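# need a 3D model of the sequence below.
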Amino acid sequence: MSLHLWLSLFLICLLGAMSPGPSLATVSKHTLAGGRLNGIAAAWAHSCGIAFYAFITVIGLAVVLHKSELLFVSISLLGAAYLAYLGWKSLTSNGGIASTLEAGKPMSIKDSAKEGLLISLLNPKIALFFIALFSQFVAEGNSLGSKAVVVVTPMLVDGLWYTFIALILSSPMLFERLKAKGKLIDQLSGIVLIALACRVVWQNVGYF
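Numbers count the residues shown, from 1 in each chain. Next up, the predicted model:
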């Protein structure tokens, strides 16, 4: 996989992780309720769930590409539409990145890790996001190494981002700064998602 392609993958995985949602709320809840270690445990357990979805998506898309190029292109275009939808939601969002943060009851580190894992495994939107995102990367790189990069990158990005969130929430001053930039992060995410959707369409429109 080329550096340019990997940077595209890295950026969209980062913006996906940064978007407000149940994953952010869960890691934040355990950090605020149990402490820094609870938040980090939830973060990396969540990233394991992300890796699972990434793996099955890469394998599934590779099989589809091998069996039917037309079906693969159709899935890619549907994925582009979903990315555009997510981008539009981010652009028109009224809340910022910290709008979903909430406190919760104290839990053990084991319970925090368990909930972090389940919140990713039981979120069907993650599967849709990876189908939409990975179609272009699976088409570009068929080697085992490329597929491994496509799986490991979102796992590490997700784990490191939510670890950062746990550290941020341990410092009230840094948290307030992140909260103040929430709307800007939403807008940036929306622009990148829509741009990526346009790129997927452009790569596949020639097939027809």
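# where's L7 relative to T153, distance?
10 Å (C-beta to C-beta, to the nearest Å). Glycine gets a C-beta too; all of them are placed from N, C-alpha and C.
# between these two, who's got more neighbours?
A side-by-side neighbour count of L7 and T153, using other C-beta atoms under 10 Å, places T153 first with 20 against 10.
# so what's that one up against?
T153 sits next to W6, L9, F10, C13 when contact means C-beta atoms under 8 Å, 6 or more residues apart in numbering.
# if we go to 10 Å?
T153 sits next to M1, W6, L9, F10, I12, C13, L14, A51, A54, F137 when contact means C-beta atoms under 10 Å, 6 or more residues apart in numbering.
# ok, W44 next?
Counting by C-beta under 10 Å, 6+ apart, the residues that W44 touches are V27, A113, G116, L117, M155, L156, D158, G159, L160, Y162, T163, A166.
# so among the residues you listed, where is pLDDT lowest?
Least confident entry in the contacts of W44, by pLDDT: V27, with 83.
# does it touch E115 like I think?
Yes: counting by C-beta atoms under 10 Å, E115 is a contact partner of V27 at 9.4 Å.
# if we can go back for a sec, now the contacts of T153 in JSON lines, with secondary structure and pLDDT?
Shown next, in JSON lines, are the contacts of T153 (DSSP: H, G, I helix; E, B strand; the rest coil; pLDDT from 0 to 100):
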{"residue": "M1", "secondary structure": "coil", "pLDDT": "65"}
{"residue": "W6", "secondary structure": "helix", "pLDDT": "83"}
{"residue": "L9", "secondary structure": "helix", "pLDDT": "82"}
{"residue": "F10", "secondary structure": "helix", "pLDDT": "87"}
{"residue": "I12", "secondary structure": "helix", "pLDDT": "80"}
{"residue": "C13", "secondary structure": "helix", "pLDDT": "84"}
{"residue": "L14", "secondary structure": "helix", "pLDDT": "86"}
{"residue": "A51", "secondary structure": "helix", "pLDDT": "90"}
{"residue": "A54", "secondary structure": "helix", "pLDDT": "85"}
{"residue": "F137", "secondary structure": "helix", "pLDDT": "68"}
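# quick one: which of these is most hemmed in?
That'd be A54 among the contacts of T153, by other C-beta under 10 Å, with 25 neighbours.
# residue contacts, that residue?
A54 touches 13, 47, 126-127, 130, 133-134, 147, 150-155, 158, counting by C-beta under 10 Å, 6+ apart.
# tell me which of these fall in helices.
In helices, judged by DSSP state H, the following of the contacts of A54 are found: 13, 47, 126-127, 130, 133-134, 147, 150-155, 158.
# closest one of those to W202?
L133 (15.6 Å; C-beta to C-beta).
# got the contact list for the residue lying closest to the closest one once chain neighbours are set aside?
Take L133 and drop its neighbours on the chain: the residue closest to it by C-beta to C-beta, 6 or more residues apart in numbering is I12, 6.0 Å away. Going by C-beta under 10 Å, 6+ apart, I12 touches 83, 129, 132-133, 137, 153-154, 157, 189, 192-193, 195-196.
# repeat that for L128.
If you count contacts by C-beta under 10 Å, 6+ apart, L128 has them with Y53, T57, L78, G79, Y82, L83, Y85, L86.
# now which of those residues would you call buried?
Buried members of the contacts of L128, counted by 16 or more other C-beta atoms under 10 Å: Y53, T57, G79, Y82, L83, L86.
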